[in-house]
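Asks: Here you go, sequence then predicted model.
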Amino acid sequence: MHTAINHRPLAPRQAEALAYRARGLSNKETAEAMRCSVANVTNLLAECFYKLHARNSTEAVAKAVKHGLIQFALLACVLSGMGVDAQDQLRTRFQRRPTVRTIRIRNNREGIA
């Protein structure tokens, strides 16, 4: 049986922070765009995750769009207020090579990894 989860509405600043995240901006870049601290952005996004019952940014954005809490029109409004420098940062952000992380696993005494 599938039960629908009721989502609480997002505050305007929460929706704005999530809209920037939807466009791929980091917390630092979002803080610069919103003219606030990185800690403030972190708190805004944490509240979004809590309200949306989301584990990460991707899930939060998907749920917010699905339930009409943020809209693509909002994303357009946010982006239209960005300067040329911020738009260039967005463009180059997606051109960077992905970071590859290596995880080392120690063998235990039985030789099982």
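Replies: Perfect, I can see it now.
Asks: wait, doesn't residue 19 sit right on residue 60?
Replies: No. The criterion here is CB atoms under 8 Å, and residue 19 misses it with residue 60 at 11.0 Å. Glycine gets a C-beta too; all of them are placed from N, C-alpha and C.
Asks: Okay, and residue 10 sits in which element?
Replies: For residue 10, there is no enclosing helix or strand under DSSP states H and E.
Asks: for residue 65, that is, sorry about that
Replies: Using DSSP H and E, residue 65 sits in helix 57-66.
Asks: and if you look at residue 15?
Replies: Here residue 15 is assigned to helix 12-22, by DSSP H and E.
Asks: by how many degrees do the helix ranked longest in the chain and helix 57-66 diverge?
Replies: When the chain is parsed with DSSP state H, its longest helix is helix 38-52. Angle, helix 38-52 to helix 57-66, by axes from the mean of the first three to the mean of the last three CA atoms, to 10 degrees: 60 degrees.
Asks: Which residues outside helix 38-52 are in contact with it?
Replies: 7-11, 13-14, 17-18, 21, 27-28, 30-31, 34, 54-57, 59-60, 63-64, 67, 69 (CB atoms under 8 Å, 6 or more residues apart in numbering).
Asks: mind checking pLDDT for the nearest residue to residue 44 once chain neighbours are set aside?
Replies: Closest residue to residue 44 apart from its sequence neighbours, by CB to CB, 6 or more residues apart in numbering: residue 17 at 4.1 Å. Note for residue 17: predicted pLDDT of 95.
Asks: show me the contacts for residue 17.
Replies: Residue 17 touches 30, 34, 41, 44, 45, 48, counting by CB under 8 Å, 6+ apart.
Asks: just the buried members of those?
Replies: The neighbour-count criterion (16 or more other CB atoms under 10 Å) marks 30, 34, 41, 44, 45, 48 among those as buried.
Asks: Can you pick out the most distant pair from the residues you listed?
Replies: 34 and 48 (13.5 Å; CB to CB).
Asks: buried stuff in stretch 31-47?
Replies: 31, 32, 33, 34, 40, 41, 44, 45, 47.
Asks: Same check on stretch 52-70?
Replies: Neighbour counts using 16+ other CB under 10 Å place 52, 54, 60, 61, 63, 64, 65, 69, 70 of stretch 52-70 among the buried residues.
Asks: Sweet, I'm off.
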